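Undergrad: after the sequence you'll find the predicted model.
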Amino acid sequence: MRFENVYTPEQERAREALRKEVRELIKAKGKGVSGGPVDDRTISRDLLKRNKEFRIELGKKGWFMPTMPKKYGGAGLSPDMASVIYDELDVLNEWAADGFPGGVGPTSFVPNDHSTGMVGILNKIGTEEQKDRMLPPLVRGELVTWEVFTEPEAGSDLPSLQTTAVRDGDEYVINGHKMWIGGNNAPPDVLMTLAITDPNAPRHRNISVFLIPCNIPGVHIYPIDCLAPPYKNQIIFEDARFPASCAVGEGGDGWVAFNTRGGDGGREGERRRPIDELIDYSKETIRNGQRLSQDPEVQEIVTKAYVDNEIHRLLGLRNRWMAEQNRAGTAKKRTTYEGGQMTVYNKQLGPRNADALLKAWGPVALIANEPWGPMRGAAEMYHRHAIEQTHPGGTIEINKLRMFRSVIGPGTRIPAS
Amino acid sequence: MDFKPEYTKEQEEFRKEVRAWVEENARYPEELGPIPLSSGDMSREMWLWGRDFQRKLGAKGWYYPTYPKEYGGGGLSGDKDIIIKEELRRVEHPVAYSMVSMAAPALLVYGTEEQKQRLLKPMLRGEMVAWQAFTEPGAGSDLASLQTRAVRDGDDFIITGEKCFIGGHHEPDVLWAPVMTDPDAPRHMNLGAFVIPANLPGISIRFQNLVIREGKRAVTFEGARVSREYLVGGETQGWRVIQSSLEIEHGGGGSVLPEDDPIVTGALEFCKKTLRNGVPLSSDPAIQKEMVDLYIEANVHRLIGMRNHWMHNNNVPGTYHGSQNSLVGKYTALRSAVKLLNALGPFALTVDPKWGALEGKVEDHQRHTLGSDHRGGTIDVQKVIIARRIGISRTRERAAPTRAQAG
Amino acid sequence: MDLSLTPGQQMLRDAARDFLTREYPRKVIREIDETESGFSPELWRQMVDMGWVGMILPEEYGGMGSSFTDLGVLYEEMGAACLSSPHHSSVVLGGLTILEAGNDKQKKKILPSIASGQRILAFALTEPDYGWGPGSVKLAATRKNGHFVLNGTKLFVPDVQVADQILVVARTSSRGSPETGITLFLVDKGTAGLSSRILEGWTGDKLSEVIFNNVEVPASAVVGRVGGGWAPLERVLEKASIAMCAYSVGGMQRLLDISVEYSQNRIAFGVPIGTFQRVQDHVIEIVNDLEAARWTTYEALWKLDERQSDAPLAISMASVIASEGFPHSAEAAHRVHAGIGIDKEYGLYLYTKKARSLQHYLGDPVHHRKQVGRLLGM
């Protein structure tokens, strides 16, 4: 076993060259394209514009989604090479530096779940023509996509969704109500929407996927007042018409498409994490004449949190390694529960970390700004964020169910006696 | 609110009376040998002494103090029940006197007057040892799927099947058992509840060698013939009848636990007295935390039990309360084992007279608590019951009738 | 033994519950929470009218001489509604401290106006060197020409924004053990050199930073004996802690109620989500946290009312359980509610942030565990 990558001198040179190139781009065009307030509702239009421009600069080099094939606008790099780009871009990802997993934040440059999810779905069910037409602008970061799945009465039980898209000549007419949509990378250009196209087909086979432009009449977006960024929206489709060419796949394959989502989570192990902040702040803060970290209780909290986060990092590393093995066709073990396990662990870890921050530091962890709020106030945000992150993409309960099903084997049912 | 059980002068007088009686009658004769840590290791002589003591207690009406006098109970208040239990706890004796029969609450609610006189009375008077024989090899948490059969033959039933994880020590007088009377009837409507004399031909009892060393037995019925007069409730009413037993087993009657739980207090003292590297164990903040939590959790369990005891004796209707008492007790027991191990280290794992913590009581506790997860219904089953009683489950149910409702 | 409420307590509970359910649903609580001061003068007036404000103070000072169990019953209802008011700062901490430590003149002058709600006190103990023990009190009070001059910072002080006066725990001497040099001062908020600002964040009540920059107060501002402030204060902190435990019990009860309701009504996969055992587990965790907190709290209240010597042990025990149980229950409620739980309009978050603040208010679980350990002779 080897828990680090070892590169040949040739690989080292390639990595160094790429690193230099990325740094140059950031130096030349990356000024004032990120940062801003953590609260994405107060972000300025101007910053959003500069942010989008830089994203397109990245896209031109294929670096927005560097592992995608070149013909679709990527750079055709291995995940390992791509990590060189991600690591350099981290300097721009203010939030990530403060411990937010997954490159969230309005000005993040790591492709987020929404855009990678769309690309995954296109890869899975898209026709060659659709992929050629739809993938490049997404992969090049030109279009911001929101996943438009959940509805008021269809959350964990997504197949119960009620939104309908009815074919009318060369167009579809869509009607319905969607909840908990979008958030970061506001505002969107296209909406990747699940809707029922065949009400007579059986459950799981009646749903289709559409990539709907945002700027058509009958699409209304209303923000929901919720706890933490990324802030969510409701979308009402009211007789909105869009061209039939927006359909992805062959129709009726929406549930299959939805189930291709769920990343391997391998990236997150690499980032600066709240645990590092927890350790640093505890070491640096003097209270009542001694370092917080000298308090045995604080020590216990911090060490427990450290272990939890190390497990998280190692699960991520395992998944990343397995993903690379799969990609190279050298995998000896079939991937089953590992993705779900990472999701469940990740969702549980957020609230546990928040709890550790509060217990170790006291009420300062609830204060939103300096001088009293640690991590420039991000600790406070982390509390709200962690709660919010437990349900997008499926609650912990649903992910446990998925995990259990993949442990006992896909499609297996435990027979009733 | 008033959390103190004894406050009137009359009750203090009663306490004196009980104490004097206990001093005279509950002293365990040392010539019968030292009392073993695990009740399953109790000798037959010791057990017989305990049976005799139980009878004496029953004759005073103190074996089931709050049950009606006319059936052999004491007809006393909940507070006096507490006084009796507290006084009995002051002396050490080998029989867990609280090993009361779970058949009694069901008999009180569903028994005929004749059955109450013939069966309930001797039970309440400590003359008849009844084992609860519910669990089967194929029916634990899912008790309703039990397979032991009772086939009608004239005025008798012929019983065939197997029960396990039952009973206490040595031999019972009767077995309190639900068995299938009608295999064609739907689930929950196919059982009858019997008080079966244990000495019938066709009944054999076998010792089960368990980690918890509680002396649990397995019982095999091979065509045991039992008269109809031992059937409690209707022929297919058994599921309902045994709910009254389960309600009590799950803690609906409450419990009166001491504020100074012997294991907790003992371990606290151990930590204060044991020097390691020159300082008492209790000065280590990590050990302190374990011990404080041990103390707190024991007290939470004590209060939940007290709540139920008060509700049960004051006819306050409950819902999830019985199973919550059981659930909290299970968690407390399981976690206390972990805490004791964390705090005391390997000293918690040996009965060695020189090194075992609290003369080996902690080791026994480590093993005994392993049984907590399933004893009287698993943690998960208790949760199912709580959810039903809160009203969030597929099925909803109310607490089964017990003494309070039998009036 | 009698674990029921007295008829008077039942009336108090029913009246409080009816009133708060009717007038202060989560929507209104949220509106108050979102104002700058987080304070509703209307609510405060209503609380006065119902006799809640003076309740705990003796009749001779305009109160009702209620028992602590009575107070617990009221706090449970206030917690269920997630109510924010200066009641705890002004009456429980402020009023009881004056009652314990103040001289006759102070009691006669101050307590009736606290009881009538006309005067509101804030209570300032904690500092940047955070902690609830006497050792964490650093704010210096030095004598000058028969006056005292206060210098230092108080942090996380609730209700400063609506208070007329602040009861300040200060240090007049740093010799000897930490308790010996502690003196209590009642300081007008408008005194020169005193400034405060509300801290932004996810706090249950508005918490402030209060800076004392050469704040000069007369000797008559001292409450109790110079250097003798800690002993009476410790007794008040115990009572204040157990009142907040009762508040948490109420909060947990409401978390249970809304989680049960949501589990019964939210349909997924064609059935109410309460039928899923994984959802039931969360609800059951709340029931267990709730009942553990309720009975330890009420036993401690009873011991306090009965003046039993082990009341402090019971109070610290209840504090550990309630201050851990409330946030834990809030988290379980979020797991039951998923998406709707983060919708501010639904208002579950009010309880979540209140629970997190309360975890540290008047001493965190670590602080109270240490107290339990000490009282058990460890």
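TA: Yep, it's here.

Undergrad: what about whatever residue of the stretch 201-350 of chain B ends up closest to chain A, how many neighbours?
TA: Nearest to chain A, among the residues of the stretch 201-350 of chain B, is residue B:285, at 4.3 Å (Cβ to the nearest Cβ). (Glycine included, C-beta is placed from N, CA and C.) Residue B:285 is flanked by 17 other residues according to other Cβ atoms under 10 Å in any protein chain shown.

Undergrad: what average pLDDT does stretch B:190-208 get?
TA: Mean per-residue pLDDT for stretch B:190-208: 95.

Undergrad: distance between the ends of it?
TA: 29 Å (Cα to Cα, to the nearest Å).

Undergrad: now do the helices in chain B.
TA: In chain B, the helices defined using DSSP state H lie at B:9-25, B:44-59, B:78-89, B:103-110, B:113-115, B:121-124, B:238-249, B:262-273, B:285-313, B:321-344, B:361-370, B:379-390, B:403-406.

Undergrad: mean neighbour count, these: which tops it?
TA: helix B:103-110 (a mean of 27; mean count of other Cβ atoms under 10 Å in any protein chain shown).

Undergrad: off-centre distance for that one?
TA: The gap between where helix B:103-110 is centred and where its chain is centred comes out at 15 Å by Cα atoms, centre = their mean, to the nearest Å.

Undergrad: packing partners for that helix?
TA: helix B:121-124, strand B:130-132, strand B:174-180, strand B:191-197, strand B:231-232, helix B:238-249, helix B:403-406 (3 or more Cβ pairs under 8 Å, 6 or more residues apart in numbering or on different chains; DSSP states H and E).

Undergrad: got these as TSV, with distance to chain C columns?
TA: Putting the helices and strands packed on helix B:103-110 into TSV (distance: least, Cβ to the nearest Cβ, whole Å) gives the following:
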stretch	distance to chain C
helix B:121-124	23
strand B:130-132	26
strand B:174-180	25
strand B:191-197	25
strand B:231-232	32
helix B:238-249	18
helix B:403-406	15
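
Undergrad: tell me how many other residues crowd the residue lying closest to residue A:92 once chain neighbours are set aside.
TA: Closest residue in space to residue A:92, ignoring its immediate chain neighbours: residue A:34 at 4.2 Å, by Cβ to Cβ, 6 or more residues apart in numbering or on different chains. Using other Cβ under 10 Å, the number of residues around residue A:34 comes to 21.

Undergrad: residue C:46 and chain A: what is the separation?
TA: Remark: distance between residue C:46 and chain A (Cβ to the nearest Cβ, to the nearest Å) = 27 Å.

Undergrad: could you say which helix or strand holds residue C:17?
TA: Using DSSP states H and E, residue C:17 sits within helix C:7-23.

Undergrad: distance from the chain centre to that helix, please.
TA: 20 Å.

Undergrad: buried ones in that helix?
TA: Along helix C:7-23, these residues count as buried under the neighbour rule (16 or more other Cβ atoms under 10 Å in any protein chain shown): C:9, C:12-13, C:16, C:19-20.

Undergrad: now for the helices of chain B, which one comes closest to residue C:123?
TA: With Cβ to Cβ as the criterion, residue C:123 lies closest to helix B:285-313 of the helices of chain B, at 27.3 Å.

Undergrad: what about the residue in the stretch 1-150 of chain A that chain B sits nearest to, how many residues close to it?
TA: Closest to chain B within the stretch 1-150 of chain A is residue A:150: 23.2 Å, counting by Cβ to the nearest Cβ. Residues contacting residue A:150 under the criterion other Cβ under 10 Å number 22.

Undergrad: quick one: it from chain C, how far?
TA: 7 Å.

Undergrad: hmm, that residue is touching residue A:156, no?
TA: No - contact between residue A:150 and residue A:156 fails when scored by Cβ atoms under 8 Å: they sit 9.2 Å apart.

Undergrad: mind giving me the packing neighbours of the helix holding residue C:17?
TA: Applying 3+ Cβ pairs under 8 Å, 6+ apart, we find helix C:7-23 packed against helix C:68-81.

Undergrad: for the stretch 151-300 of chain B, which residues are neighbours of chain A?
TA: Counting by Cβ under 8 Å from any Cβ of the partner chain, the stretch 151-300 of chain B comes close to chain A at B:285-286, B:289.

Undergrad: out of those residues, who's nearest residue C:210?
TA: Nearest member of these to residue C:210, counting by Cβ to Cβ, is residue B:285, at 32.2 Å.

Undergrad: can you tell me which residues contact that closest one?
TA: Applying Cβ atoms under 8 Å, 6 or more residues apart in numbering or on different chains to residue B:285 gives the contacts A:296-297.

Undergrad: and if you look at residue C:228?
TA: C:101, C:182-183.

Undergrad: can you list the weak-confidence ranges in the stretch 301-417 of chain A?
TA: A:409-417 (pLDDT under 70).

Undergrad: so residue B:60 sits against residue B:21, correct?
TA: Yes - using Cβ under 8 Å, residue B:60 is in contact with residue B:21, at 7.0 Å.

Undergrad: can stretch B:389-398 be found next to chain C?
TA: Yes - applying Cβ under 8 Å from any Cβ, one finds stretch B:389-398 in contact with chain C at B:390-394.

Undergrad: any of those buried? List them.
TA: Neighbour counting by 16+ other Cβ under 10 Å classes B:390-393 among these as buried.

Undergrad: switch the residues you listed over to CSV; also include pLDDT.
TA: Below are those laid out as CSV (pLDDT from 0 to 100):
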residue, pLDDT
B:390, 92
B:391, 90
B:392, 90
B:393, 85
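
Undergrad: follow-up on the earlier one: the residue nearest to residue A:92 in helix, strand or coil?
TA: coil (DSSP: H, G, I helix; E, B strand; the rest coil).

Undergrad: and residue 83, what's its pLDDT?
TA: You didn't say which chain, so I picked chain A. 83.

Undergrad: my question was about chain B, not that one.
TA: 90.

Undergrad: OK, contacts around residue 189?
TA: Since you didn't name a chain, this refers to chain A. Listed by Cβ under 8 Å, 6+ apart, the contact set of residue A:189 reads A:142-145, A:213-214.

Undergrad: oops, wrong one, chain B.
TA: So residue B:189 contacts B:182, B:236, B:239 (Cβ under 8 Å, 6+ apart).

Undergrad: wait, the first one touches residue B:190, no?
TA: Yes - counting by Cβ under 8 Å, residue B:182 touches residue B:190, with 4.8 Å between them.

Undergrad: more crowded one of those two?
TA: Remark: of residue B:182 and residue B:190, residue B:190 carries more neighbours, 20 against 15, as counted by other Cβ under 10 Å.

Undergrad: separation between the nearest residue to residue B:110 once chain neighbours are set aside and residue B:29?
TA: Among residues not flanking residue B:110 along the chain, residue B:233 sits closest, at 4.2 Å (Cβ to Cβ, 6+ apart). Distance of residue B:233 to residue B:29, computed by Cβ to Cβ, to the nearest Å: 42 Å.

Undergrad: break the chain into its domains for me.
TA: I'll assume chain A. Taking automatic domain parsing as the criterion, chain A consists of the domains A:9-111, A:145-258, A:268-408.

Undergrad: sorry, should have said chain C
TA: Split by automatic domain parsing, chain C gives C:7-115, C:121-227, C:231-375.
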